[in-house]
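Trainee: mind folding the following:
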Amino acid sequence: MPPRRGTAPEPADPDQASRPCDAPGCPEAGLYRAPKSRSNLNEYLWFCLPHVREYNAAWDYYKGMAPAEIEANLRADTAWQRPTWPLGRLGGHRRFDPEFLRDPLGLLYATPLHAKRTRPAERRAEAPPELRAALDVLGLEWPVEPPALRARYKELAKRYHPDANGGDRGAEDKLKDVNRAYSLLRQRLGRGGTAPAAAAE
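Mentor: As a prediction, this is how the structure comes out:
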């Protein structure tokens, strides 16, 4: 892509054989290159300094594009032309393996905020390992009461129902995950499997 306005273009290799300027009728040597078009950024025209400046001043990468094409190009440029995914699509919603968060020197546990969160009287009951994935899918904390479970299930079922998402397969798969998680937690709570703190009340 041509340099920005106000900056001098980079000349070609001085050891390279001289070539004529590509501007019609110009007898000067073409020492400065500029791309032929946005679809051929690696193919160049060669100009003398005045003509390359004129070419750069008139360059418009988005010329001829529809508004939707311009928007798509701008969005792609914000991620350096790399593909992106919605947050959590590639497993970011899952809990970290404790090994990744190991702190053998205790540096992370020395902050006042962490000390406040881990006081024995305020520490929440830990969810059974077999239920943690289901709780993550539904976005619930342990312990969970049946009314809260049912309310959350209804909310998510309505959100991911095919009729509300135009038959989107991603929403359909998410609804299947929600149904499985709800079924597992409902069976567990139906057997009186609430957390110890809730059962003792």
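Trainee: now Asp22. Its backbone dihedrals?
Mentor: When quoted as degrees, to the nearest 10, the phi and psi of Asp22 stand at phi -80, psi -10.
Trainee: go on, the one 10 residues further on?
Mentor: Backbone torsions for Tyr32, taken as degrees, to the nearest 10, come to phi -120, psi 130.
Trainee: my read: it touches Trp46, true?
Mentor: Yes - counting by CB atoms under 8 Å, Tyr32 does reach Trp46; the two are 7.0 Å apart. All C-beta spots, glycine's among them, are computed from the backbone N, C-alpha and C.
Trainee: out of these two, which sits in the busier spot?
Mentor: Neighbour count, other CB atoms under 10 Å: between Tyr32 and Trp46, Tyr32 has more, with 25 against 19.
Trainee: what's the next secondary structure element after the longest strand seen in the chain?
Mentor: As assigned by DSSP state E, the longest strand anywhere in the chain is strand 40-47. Moving toward the C-terminus from strand 40-47, the next helix or strand (DSSP states H and E) is helix 49-58.
Trainee: next SSE after that next one?
Mentor: Following helix 49-58 in sequence, per DSSP H and E, is helix 67-78.
Trainee: give me the domain ranges for this structure.
Mentor: 1-59, 126-191 (automatic domain parsing).
Trainee: make JSON lines out of those domains and add distance to Ala72.
Mentor: Output for the domains of the chain, formatted as JSON lines (distance: least, CB to CB, whole Å):
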{"stretch": "domain 1-59", "distance to Ala72": "14"}
{"stretch": "domain 126-191", "distance to Ala72": "21"}
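Trainee: a markdown table for the ones you listed, including mean pLDDT and distance to Ala79?
Mentor: A markdown table is the format used below for these (pLDDT from 0 to 100; distance: least, CB to CB, whole Å):
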| stretch | mean pLDDT | distance to Ala79 |
| --- | --- | --- |
| domain 1-59 | 79 | 18 |
| domain 126-191 | 87 | 20 |
